[in-house]
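> task: produce atomic coordinates for the following.
(3 chains)
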Amino acid sequence: MRIGYFPGCSLLGSSREFDESVRALAGAIGLELVTVPDWNCCGASSAHVLDHKLSLALPARILAQAEAAGLDEVLAPCAACFNRLSSARAELDADPALRTEIAGILELPYQGRVRVVNVLEVLDRCQAELQARMVAPFQRKVACYYGCLLVRPPRVVAFDRPEDPQSMDRLLALAGAQPLDWNHKTECCGAAFSVTRTDLVARMSGRIVAGAAKAGAEAIVVACPMCHSNLDLRRSASNALTGADHQLPVLFITQALGLAMGLDPAALGLQRHLVPAGPVLSGAPALAPQPAARTRP
Amino acid sequence: MSRIGVFICHCGENIGGTVDCARVAEATRAVPGVVHSVDYKYMCSDPGQSMIKAAIAEHRLTGVVVAACSPRMHEPTFRNAVAEAGLNPYLCEMANLREHCSWVHEKGEPTTAKAIDLVRVMVEKVKRNQPLQPIQVPVTKRALVLGGGIAGIQAALDIANAGHPVVLVEKSPSIGGHMSQLSETFPTLDCSQCILTPRMVEAARHPNITLMTYAELESLSGFIGNFQATIRRKARQVDEKLCTGCGLCTTKCPNKKIPDAFNEGLSTRGAIYVPFPQAVPNKPVIDKLNCTFYKTGKCKLCEKLCPTGAIRFDQQDELVTLDVGAIVLATGFKLMGTDQFPEYGYGQYKDVIDGMQFERLASASGPTAGAMKRPSDGKPPETVVFVSCSGSRDRSKGVPYCSKICCMYTAKHAMLYKHKQHGGKAYVFYMDIRSCGKDYDEFVRRAIEEDDVAYIRGRVSRIYEQDGQLVVMGADTLQGGRPMVIKADMVVLATAVQSQEGSEALAQKLHVSYDPYHFFAEAHPKLKPVETNTAGIYLAGTCQAPRDIPETVAQASGAAAKVAALFAKSELTREPQVAVVNRQPPPVFSRCVGCFLCQSACAYQAIEQEQIKARDGSVIKTVARVNPGLCQGCGTCVATCRTKAIDIQGFSNEQIFAEIMTL
Amino acid sequence: MTEPFEPKITAFVCNWCTYAGADLTGTSRIKYQSNVRVLRLPCTGRIDFMLLAKAFARGADGIIISGCHPNDCHYTSGNYHARRRWMIYRNLMDFMGIDTGRITFSWVSAAEGAKWAELVNEVTTGIRAMGPYTEYKQLADAGVE
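Numbering: from 1, shown residues only, chains lettered A, B, ... in the order given. Predicted coordinates for the structure are as follows:
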């Protein structure tokens, strides 16, 4: 199995462990990741706030490069990259004149043939391969946090239910975990206000962590570097604001699955988290008992 | 020898402003067979019609073409005028120069050329028109009303009081419909069942009304004045003649866990049940899907206990065929369920309910005897949030229209809640307040001013459950979009009014048009609101569009008036544009070879076989024959016939070929 | 100087749906190209496909046939008969060498005024691009008596 791979800026920077865990997992299940040659930043929030054509040209260039390299699909683990690539592709698909214009700006041919997928979709397809390698079931109660960009806008990303998504929950159930039914699956974490308005992020992410703790979670699992950053990196800020002392670790889905497959925690980058993941590694005692959690029948 | 008169109308500026009518008249004068060709400002007016009549006499016209608006508009007008002048009305045709020409094209040479073409086509057709006499058919003076809610009951009573027999068919075990589920009605806060049940009883006792409950329409054939309806009377498993309505069986049934649809799932009932205490008829029904006996073969306790031996487990459905002359459709509506709202919990939260569920809670004969109690734990709700426009006016939910009644019933619900829970807090999240009827806006003001209901203009984006309460996240747009988070004990969603289950299938059985939301279509939105495009079938109530009770009752009476008008004649005049099989002198007798392909093509079974016999009684040949009483004039048989032995009067092969040849 | 070619389009429509739909186009004042001439029939089921051959023989460059949507025929099944007939006749016409690309079969309901205009414009533009249907044009100048 092979698939195009677009790590994006965060995976090479502050969320290096996401890249490490994706590669480790891919290696374990025999999925070859072919990095898109000469890739560029997708534009993230900045481009679409400043200039419409720039916000289309940057993702289009990535897809054009992938097309030229003969790739049918590109995996973009970062939810924002996934969302920007999907949105740009959809917009150019609907407007042939715009497509020609952007191809002109890029000075590269762009046919719009390359499909964009996120990490949950790819893992969903590889359920058999994952199942076959489960050696150390991840027997923890987990709150799956999807954030905004993986499942919205529904018509563009066309992936899972926009309210109460289930794909991550299913994968963790496969890995032996107990995914919880909780209220903040798709509530905003504060996103890119992390730097400019850390107080907002502290409040909004704080709500999410509190909600997960209330539901009885032992860990929060995410599939987005921004979510991870706000829930993990900004934990001290959110704890300070609410006066709570939540120590719930935040894991990437690839890390949780990797642990269940017996991969080395260091290879999965678990040491990079600010909130220690130690308590949920196999063999470690469970966290203090939580009140009875509400589960999906 | 044709003597055709052509009358070209300007229709004020509607035609005259775009088409050069004088030139059309002039060009038409040159067509062989046309002896008179004029143009005039308003042909349909009195002077215009007089002009036509005078011309018929003066020029001894054998045919008339009025080139004006669409025949769908004024064909009857001009045919009447022509008839008054002594010419057969079927020798008058119209050329459509307005809807199909002047209104859709720019002024100029091509448009006038087109107008000339259209007139010439109709001239050639009319030269080949035959004088026809209208066909008289008898009218069956019995009405069929489908649906036993307030609309059906009102229509049935009005038709019955006009002196005609009515069959009222209702698919649930009792008549009454949604109105019987309501607690109080706006704007008077009248008890709904108190005003409805007298009507229900009147309908049951009326000598002219035959009630068929727990019954549905199986099939329909025929046409206006002459329908044959087959009704399936589903088996109640109870002999209605023996049953006294004592109710013993319903209290003793051991299987009591079935969700009660009348109480919208807020309580349970037994497998043998009467839908509600005031049901008409007050006879129980066995729910075969859930009855222990039908599932496992054991029980039959009701049969053992019944003092009159009325339970009949072997009873079968009965099919009844009726002759009726008119049908009133009054099949009502359904409410969108709370499970259609992922953002409000997918219908999982017990305390997020819809408007009808609230009615049952508020009703004195409901599951809580009218006390405000939360479905989840029975505690009284201290804070209730009402969400208007849940699903309505929302393209993403597939309902772009307004459901009309929700603003009013939400105000009513908030008031009822406050009347029962004096210390409680009520919030209404709204987009607009649509309170357009008599005393309606005053009613809403009462809720706000007297009952202290807090109206917040904004929508609710999310509801979730936490610590036994519902967290409602909305916004207040009159305060700059300020986010509002309310912790409520109960939430009532004013969900969208949608078409009744099975509407599409019913419409197709009846050949009635329907809109994309499966509401039945009226013949004209302004001028024919109670008729459908299918002659003889009328509409009443919410099956056509969302509306409240006063409008439903008014419309039902309107439909009844149409039926009474239809029944006021003893015979119905039908258009004579029907098919006719060729007959010729011997030895051919008919071009028809007796293949009867036409018979299988006819959707109305209007074609029969006819034997042509010699004087000694021996059969020479068997040919097709059209029953003019049944033929609808579609012409499918004409196109199917291989020997061109069958033709339609008014759209004959000769006429259509002539029209084509003109172009 | 030759005039630019303007195609002649003959339309066979049913009274209950398409004719009414075309009336609605008029009432809504939606403009469309004026090349089309509408012939009213009670139902598309009435259409004998020899009528089409006649229309071509008389110089039509394009033909439109339009009726009620399937399941909504005012006469229940007339449009089904028309559709079935069309399937067979299309094969026959192809075999005989008639350009079936010049015939458009459509469903336009009484509520679809805009669709009628769109259909007429699309067909007219298409036929104009195809050019005159010279194989069939007769130079008949005689009248029809």
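
> could you find the closest non-adjacent residue to the residue of the stretch 451-600 of chain B found nearest chain A?
For the stretch 451-600 of chain B, the residue positioned closest to chain A under C-beta to the nearest C-beta is residue B:464, at a distance of 4.0 Å. For every residue, glycine as well, the C-beta is placed using N, CA and C. Nearest residue to residue B:464, sequence neighbours excluded (C-beta to C-beta, 6 or more residues apart in numbering or on different chains): residue A:183, at 4.0 Å.

> then residue B:253?
With C-beta to C-beta, 6+ apart as the criterion, residue B:253 has its nearest non-adjacent residue at 3.2 Å, and that residue is residue B:270.

> thinking the one you found is in contact with residue B:255, fair?
Yes: the pair residue B:270 and residue B:255 qualifies as a contact (C-beta atoms under 8 Å) at a distance of 6.0 Å.

> my guess is the residue nearest to residue B:464 meets residue A:211, correct?
Yes: the pair residue A:183 and residue A:211 passes the contact test of C-beta under 8 Å, sitting 5.5 Å apart.

> which neighbours do the two share?
Taking C-beta atoms under 8 Å, 6 or more residues apart in numbering or on different chains as the contact criterion, the residues that touch both residue A:183 and residue A:211 are residue B:466.

> show the pLDDT at residue C:64.
Taken from the predicted model, the pLDDT recorded for residue C:64 is 94.

> any idea which element it lies in?
Secondary-structure element containing residue C:64, defined by DSSP states H and E: strand C:62-67.

> hang on, the earlier thing: how close does the residue of the stretch 451-600 of chain B closest to chain A get to chain C?
When C-beta to the nearest C-beta, to the nearest Å is the yardstick, residue B:464 and chain C sit 42 Å from each other.

> that residue falls within a strand, correct?
Yes: under DSSP: H, G, I helix; E, B strand; the rest coil, residue B:464 sits within a strand.

> what's near enough to touch the residue nearest to residue B:464?
By C-beta under 8 Å, 6+ apart, the neighbours of residue A:183 are A:211, A:215, B:464-466, B:471.

> just the buried members of those residues?
With neighbours counted using 16 or more other C-beta atoms under 10 Å in any protein chain shown, the contacts of residue A:183 contain these buried positions: A:211, A:215, B:464-465.

> list the buried residues in whichever strand or helix holds residue A:53.
Assigning secondary structure by DSSP H and E places residue A:53 in helix A:52-68. Across helix A:52-68, burial judged by 16+ other C-beta under 10 Å covers A:55-67.

> tally of neighbours for the residue nearest to residue B:253?
Counted with other C-beta atoms under 10 Å in any protein chain shown, the burial measure for residue B:270 works out to 23 neighbours.

> what pLDDT does it get?
Residue B:270 is given a pLDDT of 94.

> just the closest of the contacts of residue A:183 to residue B:433, please.
Proximity of these to residue B:433, judged by C-beta to C-beta, is greatest for residue B:471, which lies at 25.4 Å.

> coming back round to it: can you tell me the SS state at the residue nearest to residue B:464?
With three-state DSSP as the criterion, residue A:183 was assigned coil.
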